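**Q** got a structure for you, letters missing:
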């Protein structure tokens, strides 16, 4: 199974953000999407999710148009972890995670024992079971990000799309999320994530897609795409490449 965008023109009713974009994500691999702010990353993600309709081109899932699938069917196959989430209601954390199970039932059904088992398992897996009864509005931004990841995992999807998943996390939890991304790919999921940290892409991704001003600058295996020259072109800034026994890394110049 593969999630693909073919010849996508992406944007909003009043403006075009990107033109002629081809992107693909297979099960069992991790794709990192990198680019400067305002370059079209989130717009591309939302188009691949079906949240935005492409102005041209088509998004396909398993060879069929994504638009032909019901919202419920899409939710069973693709989960989304947004970059930010405004907490409105003080639902317990467990309830927020259980919302991911609506893909397997409906908005109004009572959680089944299976639903609660899945929710408890993902909370424990991410090390946040202690938050289960805490109000979602009363936990830190970093903890909320982990809860949103737990909600996505509770959907039991085939593909997971994450928009800057480590943006509000401390150093330890950044490592936890990167390890989880690799574990998801190893278990057969397709994972697409955006990041401003090229080193996260180097450590966690199989392929990288560089997007600037709505235009694809490069796409391919991370070790081939993430070079000093390409990153300087991508961010219009100097980049320093460092290497040691653990591998290479890139730092602002």
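**A** Good, I have the coordinates. Since this is a predicted model, take the numbers as computed values, not measurements.
**Q** switch to C-alpha atoms for all contacts and neighbour counts from now on
**A** Will do.
**Q** Report the contact partners of residue 201.
**A** Contacts of residue 201 were listed using C-alpha atoms under 8 Å, 6 or more residues apart in numbering, and they are 32, 195, 208, 222.
**Q** So what's the residue count around the nearest residue to the first one once chain neighbours are set aside?
**A** Right, the one you point to is residue 32. Excluding the flanking residues, the one nearest residue 32 by C-alpha to C-alpha, 6 or more residues apart in numbering is residue 208, at 4.7 Å. By other C-alpha atoms under 10 Å, the residues close to residue 208 number 26.
**Q** And for the one 5 residues further on?
**A** Counted with other C-alpha under 10 Å, the neighbours of residue 213 add up to 17.
**Q** Which pair of the contacts of residue 201 spans the longest distance?
**A** Spanning the widest gap among the contacts of residue 201 are 195 and 222, at 13.3 Å by C-alpha to C-alpha.
**Q** any chance you could map the strands in the protein?
**A** Here the chain has its strands, by DSSP state E, at 2-12, 15-26, 30-34, 56-61, 64-65, 78-81, 159-163, 190-195, 207-212, 215-221, 239-244, 247-252.
**Q** ok, the closest residue to residue 35 other than its chain neighbours - contacts?
**A** Leaving aside its sequence neighbours, residue 35 sits nearest to residue 211 (C-alpha to C-alpha, 6+ apart; 5.0 Å). Residue 211 makes contacts with 33-36, 39-41, 217-218, 234, as judged by C-alpha under 8 Å, 6+ apart.
**Q** Any idea what the residue positioned nearest the centre of the chain is bridged to?
**A** Nearest residue to the geometric centre of the chain (C-alpha atoms, centre = their mean): residue 162, 1.4 Å. On the basis of DSSP bridges, residue 162 is bridged to residue 81, residue 193.
**Q** thinking it is in contact with residue 181, fair?
**A** No. The pair residue 162 / residue 181 is not scored as a contact, 9.7 Å apart, by C-alpha atoms under 8 Å.
**Q** any shared contact partners between the two?
**A** residue 191.
**Q** ok so, going back, for the contacts of residue 201, which one is nearest residue 95?
**A** Nearest to residue 95, judged by C-alpha to C-alpha, of these is residue 195 at 28.3 Å.
**Q** which residues sit in contact with the closest residue to that closest one other than its chain neighbours?
**A** Leaving aside its sequence neighbours, residue 195 sits nearest to residue 164 (C-alpha to C-alpha, 6+ apart; 4.9 Å). By C-alpha under 8 Å, 6+ apart, residue 164 lies in contact with 82-83, 193-196.
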